[in-house]
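Kindly return the folded structure for what I paste below:
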Amino acid sequence: MPDASVLAWFRRNVTEFRMAVAAVGIGFVFTVTAVVLYALPARGFPELAIGLSFLTTGLVMLGSAR
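Alright, predicted model coming up:
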């Protein structure tokens, strides 16, 4: 069970905007990695699927911010 101070820190510091920016960053890195793996003789589809899902989720979160 997490400590109460850790949960309080998360409630104060982790906002929806920060989660969206992190998702876009992770999605961009995974997508670029998949493109490089696709150009090389390797399988890049799992990375592409993960990257695009993180990227679109982050962009939707950023776009829905008020």
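
where does this protein have low pLDDT?
Low-confidence segments of the chain, defined by pLDDT under 70: 1-2, 66.

how about a cut-off of 50?
Nowhere does the chain drop to pLDDT under 50.

what sits against the residue nearest in space to the middle of it?
Geometric centre of the chain, nearest residue: Ala23, 2.1 Å, by C-alpha atoms, centre = their mean. Residues near Ala23 by C-beta atoms under 8 Å, 6 or more residues apart in numbering: 54-55, 57-58, 61. (Glycine included, C-beta is placed from N, CA and C.)

please redo it, this time with the cut-off set to 10 Å
53-62 (C-beta atoms under 10 Å, 6 or more residues apart in numbering).

Distance of it relative to Ser5?
Shown here: Ala23 relative to Ser5, a distance of 26 Å by C-beta to C-beta, to the nearest Å.

cool, and Tyr38?
For Tyr38 relative to Ser5 (C-beta to C-beta), the value is 45 Å.

Tell me which of these two has more neighbours.
Tyr38 (14 against 8; other C-beta atoms under 10 Å).

secondary structure class for the more buried one?
Here Tyr38 is recorded as helix under DSSP: H, G, I helix; E, B strand; the rest coil.

so it makes contact with Gly51?
No. When contacts are counted by C-beta atoms under 10 Å, Tyr38 is not listed as touching Gly51 (11.3 Å).

and for the two, which residues touch both?
Gly44.

Glu47 and Ser64: what is the separation?
Using C-beta to C-beta, Glu47 is found at 26 Å from Ser64.
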